[in-house]
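Asks: Provided below are the primary sequence and the corresponding predicted coordinates.
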Amino acid sequence: MIVGGDTREEALVRALEGEEIEVSRPPGRLSAPNGNEIEQVAASMVAFEELLTGAPPDAVVLASASNVALGAVLVATRLLIPVASLEDDAHRESDDPMSEMNGRLIRQLADVSLSGDAGTVAAWLRARVTA
């Protein structure tokens with residue numbers, strides 16, 4: 001499952017599909033509701049709890065450091081689902097203090113940080129499926 005929400009996510013999904021990797025995304029392009037950051041993280045945690053316990057994916061790839069991605073990593077980690085963050089996003093310096101904090105938390109909780117190229121992500125995902 002890929003969690004993100006930008007054009008980079010779309011490009012990664014297309015590239016992974018070209019690598020013959022089955023990719024899922026949260027249904028309905030799960031987004032954080034309006035409200036403060038804490039409410040957004042909490043709402044995304046509830047949504048991911050329902051989504052990931054029903055049919056857990058082999059792994060979760062975080063393509064952003066958004067509140068939704070933070071909610072996803074918190075739930076996936078608790079459910080022992082492997083999580084990868086993409087270096088360009090989780091390690092990016094930001095003028096937004098919340099995104100900066102999200103990125104630091106995601107880096108601490110994710111099992112691995114990967115470059116955002118499809119080959120690296122595909123190899124990591126294949127290893128999760130065969131493990």
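Replies: Structure received.

Asks: residue ranges with poor pLDDT in the chain?
Replies: 5-7, 27-35, 88-96, 130-131 (pLDDT under 70).

Asks: that one: strands as residue ranges?
Replies: Under the criterion DSSP state E, the chain contains strands at 2-3, 60-62, 83-86, 112-114.

Asks: point out the most buried one among those strands.
Replies: Comparing these by mean neighbour count (mean count of other CB atoms under 10 Å), strand 60-62 comes out on top with a mean of 29. Placement of C-beta: from N, CA and C, glycine included.

Asks: now do it: which elements does it pack against?
Replies: For strand 60-62, the elements it packs on are strand 2-3, helix 67-78, strand 83-86, judged by 3 or more CB pairs under 8 Å, 6 or more residues apart in numbering; DSSP states H and E.

Asks: who touches that strand?
Replies: Residues outside strand 60-62 that contact it (CB atoms under 8 Å, 6 or more residues apart in numbering): 1-4, 12, 52, 69, 72-73, 76, 81-86, 89-90, 106, 110, 114, 121, 125.

Asks: that strand pairs with which strands, parallel or anti?
Replies: Pairing partners of strand 60-62, with direction, according to DSSP bridges: strand 2-3 (parallel), strand 83-86 (parallel).
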